[in-house]
Structures are given as C-alpha cells and as structure tokens.
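S.K.: Sequence unavailable; structure follows:
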C-alpha cells in the first residue's frame with residue numbers, strides 16, 4: 001500500500017491531477033495513434049474506439065469519483081415563518097398540559113371535539129419526547145435556561161417516584177396518581193426511546209454551562225410567539241400589535257446590540273405590551289386572550305433571566321474611583337459569567353475596605369448585592385445541570401437480559417410483569433423503532449454488536465426505488481429513531497428515509 005498524505009488529498013480531486021496520475025494512458029494513446037496513422041491507417045477503424053477509451057480514462061476516473069452533491073432544502077421566508085409558528089404552537093401543548101396537575105408528565109392526548117378532554121395517561125416515549133421538547137424550546141428561545149432546568153428537574157423528580165421493573169418504566173401510567181395502568185407491561189421500544197432521549201437530554205444539560213448565554217434566542221422566541229398571537233387576533237387587534245412587533249423585530253435584527261440596550265429595551269417592551277394588551281380581546285375563552293397571556297408571561301421570564309447581568313449594568317454608572325472594575329468582562333457563557341462575578345466580588349470586597357465617600361459605599365453595597373444574587377442564580381443553574389445530567393444517566397441504565405434472546409441476538413417485543421412472560425415475537429427488522437434501542441444498548445455495553453447485524457435488511461421496490469421493509473410501513477418506524485440517532489449519506493437507512 002502507498003500512503004497518500006492529506007496535503008495531496010484536495011489536489012487529487014481535480015481533473016488535471018487525474019491526468020497527471022494516469023499520464024501513461026493518454027501518452028500511449030497518442031503514440032499508438034501516430035504509429036497506426038503513419039503505417040497502418042486501415043487499422044485505425046478497429047483500434048480507434050479502444051484508443052479513445054484510453055485517452056478519456058482519466059476523465060472517466062475523475063468524473064465517477066466526484067462526491068455526490070448533498071441536497072439541502074431551501075425554504076422561503078414564508079415557509080420558515082410557518083414552521084416557526086408551528087414549532088411555537090407545538091411547544092404550547094407541553095407548557096399547557098405537562099404541568100403540576102399531571103405531575104409534570106405529558107398527557108397522551110387532548111381531545112378538542114366534541115367535548116374537551118385530557119387523556120391523563122402517559123408512556124415512556126411520551127415522557128422522553130416531553131423532556132426533549134423542553135430542551136428544544138430552550139434552544140428556540142421559547143423558555144429561558146432556568147425554566148428548562150426547572151421543568152426537567154420537576155419531571156425527573158416525578159420519574160424517581162414512579163414504580164419500575166429492573167430499571168424499566170411500564171408501558172402506561174396514570175399521570176395524576178402515577179400508578180401503572182394494567183396490565184403491567186414492559187415495552188422494549190418504549191424503554192429504548194426513553195433511554196435514548198434521556199442520554200440526549202444529558203448531553204444538552206452538560207452543554208448548558210459552556211454555551212453562550214441566551215440573549216438573541218430569547219428575542220427570536222418572542223418574535224415567534226407574537227406571530228402566533230397576531231394570527232389569533234382580528235384586524236383591529238393586529239393594528240394595535242403592529243408597532244410593538246416592529247420594535248421587537250428591530251431589536252432582534254440588531255446583531256451587535258449591547259447588553260445594557262437589550263435589557264433596557266426588553267423592559268420597555270414589557271411595559272408597552274402591558275398597556276397594549278389591556279386594549280386587546282379580553283374574552284377569557286378566546287385564543288387571542290390565551291396567547292396574550294402567554295406573551296406576557298414570556299416577556300416577564302426574559303426580563304427575569306437578564307437579571308443575572310445586573311452587576312454589569314451597575315458598572316456602567318460606576319463612580320470615577322472604580323473605573324478599573326469595568327474591565328472585568330462578563331463574557332458569554334454561564335461558566336465565564338460565574339468566574340467573572342466571583343472575580344468582581346473579590347475586587348468589591350477590597351474596595352469596601354478602603355476609605356470611600358458615602359455615595360461610593362452605597363454604590364458598592366448595591367453592586368455587592370447584585371453580585372451575590374447573580375452568583376447564586378448562575379451557580380444554582382450550573383449545579384442543577386450537573387445533578388440532572390447524572391440522574392439522566394442513572395435513569396437510562398436499564399437491564400436488558402430478560403428481553404434479549406442470545407441465540408437469535410434479537411430483542412423481544414416486551415415482557416408481561418404479572419405473568420412473568422416474555423413475548424414470543426421479536427423485533428427483527430432494521431427499519432423499526434428498535435434500532436435506537438439496540439444502538440443505545442451496544443453503546444452502553446449491554447448488548448453485543450451482533451444484535452445490530454442480526455436485524456433484517458429486506459428491501460422492496462416502489463416506483464423503481466429500493467426501500468427497507470418495516471412491519472407496518474409507518475412513519476414512526478422509519479423516522480422516530482432519526483430524531484436522536486446519527487444518519488449517514490448513501491446508507492440503506494438514509495436512502496430509505498429519503499424515499500419514504
């Protein structure tokens with residue numbers, strides 16, 4: 001084998017490099033062509049096609065080795081807005097129904113017609129998706145980091161109270177009493193979904209202290225929420241909202257908006273909306289009123305979240321004697337903010353021991369109070385992410401031996417706990433939800449790698465396209481695992497997903 005240094009890799013993709021590497025074919029072609037044209041012209045008719053193929057061989061090699069262009073969906077502005085509003089409405093299901101009355105668990109469904117009715121039951125898959133919905137809502141700016149951590153903590157605390165079997169949650173629970181619904185049954189794919197979602201949530205929690213503190217995302221989240229409110233409003237109310245929406249979108253569109261300006265303008269937006277909302281539909285049973293209340297609450301949460309920056313707002317009015325304190329930057333992540341706040345607190349302590357004027361001592365006291373609150377707020381957030389991440393790992397640690405057949409290397413459909421009976425049927429197709437379960441189990445060292453390759457890869461042909469067979473041909477089987485699993489171009493799973 002000949003080692004090909006990476007420095008030459010980029011050049012190897014060009015047409016010129018292919019001709020240089022395969023120079024013998026075109027050169028030999030020209031020599032033979034010249035010889036035949038001079039001495040055996042009548043044989044050119046026979047040798048000509050072969051010579052042409054030799055000459056274009058480097059071009060063919062270059063063309064066939066070009067990587068396929070990745071198709072990227074290009075959405076219009078209107079389509080993006082539609083998806084943003086749809087995402088905000090989807091999150092509203094969880095923030096409305098996964099509340100204390102249901103022990104912070106998501107009800108399975110809500111019936112609107114003919115009579116409004118909540119299904120007070122939930123499954124492990126529902127719980128996992130609810131946890132990921134909170135993580136996604138935080139990423140989209142619909143809730144603050146503090147709200148995300150609080151909701152995750154509430155749900156995980158509930159999960160610790162729920163009855164389990166060998167680490168597995170039962171198939172269904174009553175969300176109000178937390179009692180398992182009969183029959184007590186362990187669903188393999190439900191457990192796999194929950195384990196996978198818990199591990200994704202764990203990574204999301206661990207990333208919080210190192211990620212940029214929410215600022216622009218919160219403004220984007222506010223824009224999406226107010227777009228939904230505008231859709232739910234009549235023409236008169238929309239006209240009242242227009243100036244407010246213009247100000248909000250203007251603030252969001254400023255890329256280099258200072259911290260002080262953002263805090264000041266967010267506080268101003270909250271006051272302005274309070275005045276405007278009094279003149280908007282006050283029918284408590286209307287969608288407009290409901291979304292108006294949601295907007296008010298979201299604005300309050302944004303302003304509360306920004307209070308962690310209050311010490312740096314105070315620094316802008318620092319007395320001349322303390323101007324060097326301004327040099328301690330708040331930076332952008334929770335970890336950096338906590339470090340900067342502690343550093344600033346040490347400097348304030350030192351300044352307080354010096355001889356100062358009365359107004360200077362007063363300013364230092366206000367700064368010290370603000371720093372204490374900020375350190376407490378940020379420190380609690382960081383500690384909570386670490387604690388919750390550890391709990392996610394523990395909850396995702398389940399026993400799988402009683403569901404696994406060592407002969408076929410397949411997982412059973414489930415297990416009836418009361419009858420101590422494993423189902424006789426097994427998940428044996430790659431195009432099914434069980435692939436996430438097996439992927440997780442292999443990663444945790446609970447199952448051998450053979451269990452992945454034991455899954456069937458039967459293909460069917462649909463309109464000239466090859467698609468992996470699943471049990472029922474549902475979107476659930478093809479798309480559900482891809483919510484959290486990696487996917488790679490030109491694999492059976494990716495081709496099947498695209499065709500489906």
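M.R.: Thanks, I have it. Here the structure is a predicted model, which is why all the values come from computation and not from measurement. Numbering: from 1, shown residues only.
S.K.: quick one, strands of the chain?
M.R.: All strands of the chain, identified by DSSP state E, fall at 109-111, 117-119, 121-122, 164-165, 168-169, 173-174, 185-187, 404-405, 410-412, 414-416, 421-422, 426-427, 459-462, 465-468.
S.K.: Out of these, which gets nearest to residue 294?
M.R.: strand 109-111 (16.4 Å; Cβ to Cβ). Every C-beta, even on glycine, is put in place using the N, C-alpha and C of the backbone.
S.K.: Paired strands for the closest one, with orientation please.
M.R.: With DSSP bridges as the test, strand 109-111 is paired with strand 117-119 (antiparallel).
S.K.: just to revisit the earlier point, output the strands of the chain as JSON lines; include the columns distance to residue 281 and mean pLDDT.
M.R.: Below are the strands of the chain laid out as JSON lines (distance: least, Cβ to Cβ, whole Å; pLDDT from 0 to 100):
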{"stretch": "strand 109-111", "distance to residue 281": "23", "mean pLDDT": "92"}
{"stretch": "strand 117-119", "distance to residue 281": "25", "mean pLDDT": "93"}
{"stretch": "strand 121-122", "distance to residue 281": "33", "mean pLDDT": "96"}
{"stretch": "strand 164-165", "distance to residue 281": "46", "mean pLDDT": "95"}
{"stretch": "strand 168-169", "distance to residue 281": "42", "mean pLDDT": "96"}
{"stretch": "strand 173-174", "distance to residue 281": "36", "mean pLDDT": "96"}
{"stretch": "strand 185-187", "distance to residue 281": "44", "mean pLDDT": "95"}
{"stretch": "strand 404-405", "distance to residue 281": "57", "mean pLDDT": "93"}
{"stretch": "strand 410-412", "distance to residue 281": "53", "mean pLDDT": "95"}
{"stretch": "strand 414-416", "distance to residue 281": "49", "mean pLDDT": "95"}
{"stretch": "strand 421-422", "distance to residue 281": "57", "mean pLDDT": "94"}
{"stretch": "strand 426-427", "distance to residue 281": "51", "mean pLDDT": "92"}
{"stretch": "strand 459-462", "distance to residue 281": "49", "mean pLDDT": "82"}
{"stretch": "strand 465-468", "distance to residue 281": "49", "mean pLDDT": "81"}
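S.K.: Pipe those into a markdown table and attach mean neighbour count and distance to residue 261 per row.
M.R.: Putting the strands of the chain into a markdown table (neighbours: other Cβ atoms under 10 Å; distance: least, Cβ to Cβ, whole Å) gives the following:
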| stretch | mean neighbour count | distance to residue 261 |
| --- | --- | --- |
| strand 109-111 | 12 | 41 |
| strand 117-119 | 13 | 43 |
| strand 121-122 | 20 | 44 |
| strand 164-165 | 16 | 50 |
| strand 168-169 | 25 | 47 |
| strand 173-174 | 20 | 48 |
| strand 185-187 | 23 | 52 |
| strand 404-405 | 17 | 59 |
| strand 410-412 | 22 | 56 |
| strand 414-416 | 18 | 57 |
| strand 421-422 | 14 | 63 |
| strand 426-427 | 22 | 56 |
| strand 459-462 | 11 | 56 |
| strand 465-468 | 17 | 53 |
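S.K.: Columns distance to residue 226 on top of the ones you listed, output as JSON lines?
M.R.: Below are the strands of the chain laid out as JSON lines (distance: least, Cβ to Cβ, whole Å):
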{"stretch": "strand 109-111", "distance to residue 226": "24"}
{"stretch": "strand 117-119", "distance to residue 226": "27"}
{"stretch": "strand 121-122", "distance to residue 226": "31"}
{"stretch": "strand 164-165", "distance to residue 226": "42"}
{"stretch": "strand 168-169", "distance to residue 226": "38"}
{"stretch": "strand 173-174", "distance to residue 226": "36"}
{"stretch": "strand 185-187", "distance to residue 226": "40"}
{"stretch": "strand 404-405", "distance to residue 226": "51"}
{"stretch": "strand 410-412", "distance to residue 226": "47"}
{"stretch": "strand 414-416", "distance to residue 226": "45"}
{"stretch": "strand 421-422", "distance to residue 226": "53"}
{"stretch": "strand 426-427", "distance to residue 226": "45"}
{"stretch": "strand 459-462", "distance to residue 226": "43"}
{"stretch": "strand 465-468", "distance to residue 226": "42"}
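S.K.: and of those strands, who's closest to residue 14?
M.R.: Comparing those by Cβ to Cβ, strand 465-468 comes nearest, at 32.9 Å.
S.K.: For that closest one, give me every contacting residue.
M.R.: The contact list for strand 465-468 (Cβ atoms under 8 Å, 6 or more residues apart in numbering) reads 429-431, 457-461, 478, 492-493, 495-496, 499-500.
S.K.: how about 6 Å then?
M.R.: 431, 459, 460, 492, 496, 499 (Cβ atoms under 6 Å, 6 or more residues apart in numbering).
S.K.: repeat for stretch 478-488
M.R.: 196, 200, 433, 435, 436, 494, 497, 500.
S.K.: With adjacent residues omitted, what lies nearest to the second one?
M.R.: Spelled out, it's residue 200. For residue 200, ignoring the flanking residues on the chain, the nearest one in space by Cβ to Cβ, 6 or more residues apart in numbering is residue 484 at 4.9 Å.
S.K.: if I look at that neighbour, how far off is residue 135?
M.R.: Here residue 484 is placed at a distance of 11 Å from residue 135 (Cβ to Cβ, to the nearest Å).
S.K.: if you count what's nearby, which of these two comes out ahead?
M.R.: Between residue 484 and residue 135, counting by other Cβ atoms under 10 Å, residue 135 is the more crowded of the two (21 against 18).
S.K.: Report the contact partners of that one.
M.R.: Residue 135 sits in contact with 201, 204, where contact means Cβ under 6 Å, 6+ apart.
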